[in-house]
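# need a 3D model of the sequence below.
(one chain, ligands or ions: 1)
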Amino acid sequence: MILLDGKKTSADLKVEIAESVKELKAKGKKTPHLAAILVGTDGASMTYVNAKVKACELVGFNSTLIDLPEETSEETLLQEIEKLNNNNDIDGFIVQLPLPKHIDEQKVLMAVHPDKDVDGFHPTNVGRMTLDLPTFLPATPFGILELLERYKVETSGQHVVVIGRSHIVGRPMSILMSQKRPAGDATVTVAHSRTKNLKELTLQADIVVAALGIPEFLTGDMVKDGVTIIDVGITRIDDSSKKSGYRLAGDVHFESVAPKSSFITPVPGGVGPMTIAMLMKNTLLACERKS
Ligand code: NAD
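Numbers count the residues shown, from 1 in each chain. Model prediction:
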């Protein structure tokens with residue numbers, strides 16, 4: 001069993017991105033600049049945004065955090081987005097999800113200019129992705145492709161079962177892995193909450209991407225020997241033995257699945273760190289595209 005080490009791979013990637021930033025600067029080009037909008041004080045969202053800002057510092061990007069109160073109106077948020085769209089120094093920006101209930105998420109994501117949409121959530125970029133055109137790939141699926149590629153996991157002709165059909169993980173993952181591309185060319189099955197024979201499907205899978213958000217859902221009896229496992233899930237579980245008061249659990253029951261696996265991502269330290277590195281990569285691309 002080989003661990004797909006997202007912590008190490010993302011650190012390597014950040015070193016590579018930092019090198020590119022140095023080269024840009026040496027050529028007198030602009031420093032990549034990522035902005036993030038955070039609405040409210042959700043604990044997990046604050047942790048994610050802070051990690052993104054820290055990653056910017058590490059690779060030599062400029063970063064701007066726009067921290068808005070929970071009660072911010074949809075109109076005010078849309079105005080902030082418009083300011084970022086029109087700010088030439090900002091190469092890309094993200095709006096941290098989830099948003100408070102009174103704000104229409106779809107409307108907000110549509111307002112981000114596609115050229116600055118480094119999360120790859122705008123319909124224009126989703127369409128471009130679907131048509132195999134150059135675009136910003138959504139960071140989590142992009143990170144998974146990168147991990148599979150760097151560890152030379154064979155995907156061509158393999159049967160991949162993606163559990164989950166969300167717009168940010170399951171759906172794009174299933175599209176990307178079925179495309180003609182590195183870490184693609186797979187035969188993909190998408191499973192979701194209405195799937196009836198999930199165990200039958202996962203038992204046939206060469207690769208399982210678990211992205212459903214139910215801790216330790218995928219167990220050893222559901223997979224075949226030699227399977228590759230990508231565990232996307234991150235759920236906070238109360239744990240009084242931890243200083244933070246919680247531990248992070250994936251969607252995979254690691255103890256029973258790992259012994260049967262060829263490759264497996266741990267949680268934490270698997271897909272999570274890759275997501276942030278790929279956001280940096282998209283921001284670098286956005287900056288390079290402009291110059
Ligand atoms: P979501 O809640 O939007 O979607 C969950 C999907 O799972 C749905 O499509 C649903 O149909 C499916 N599902 C639910 N119950 C199921 C069942 N019993 N059997 C089969 N399918 C079922 O979730 P999401 O935003 O895609 O996130 C999934 C998990 O990944 C969460 O734990 C989230 O925190 C995590 N996540 C991690 C990263 C990262 O960087 N590692 C990024 C995004 C999301």
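# where do the strands of the stretch 101-250 of the chain begin and end?
Under the criterion DSSP state E, counting those that start in this stretch, the stretch 101-250 of the chain contains strands at 159-163, 187-191, 207-210, 227-231, 235-238, 246-249.
# just those strands: most buried one?
strand 207-210 (a mean of 28; mean count of other Cβ atoms under 10 Å). C-beta coordinates here come from the backbone N, C-alpha and C atoms, glycine included.
# enumerate every residue touching the residue nearest the centre of the chain.
With distances taken as Cα atoms, centre = their mean, Thr140 lies nearest the centre of the chain, 1.7 Å away. Thr140 is in contact with Ile168, Val169, Met173, Val232, Val271, Met274, Thr275, Met278, counting by Cβ atoms under 8 Å, 6 or more residues apart in numbering.
# kindly report the same for Cys287.
Leu24, Lys29, Lys30, Thr31, Pro32, His33, Asp91, Gly92 are the contacts of Cys287 under Cβ under 8 Å, 6+ apart.
# how far away is the fourth one from the ligand?
So that's Thr31. 26 Å (Cβ to the nearest ligand atom, to the nearest Å).
# can you name the residues of the stretch 1-150 of the chain sitting close to the ligand?
Thr140 (Cβ under 6 Å from any ligand atom).
# nearest to the ligand: which residue in the stretch 1-150 of the chain?
The ligand sits closest to Thr140 of the stretch 1-150 of the chain, with a gap of 4.2 Å, by Cβ to the nearest ligand atom.
# in terms of pLDDT, where does that residue sit?
Listed pLDDT for Thr140 reads 98.
# domain ranges for the chain, per the record?
Following automatic domain parsing, the chain resolves into domains at 27-114, 139-272.
# which among those is found nearest to Arg289?
Nearest of these to Arg289, taken as Cβ to Cβ: domain 27-114 at 8.4 Å.
# first-to-last residue distance for the closest one?
27 Å (Cα to Cα, to the nearest Å).
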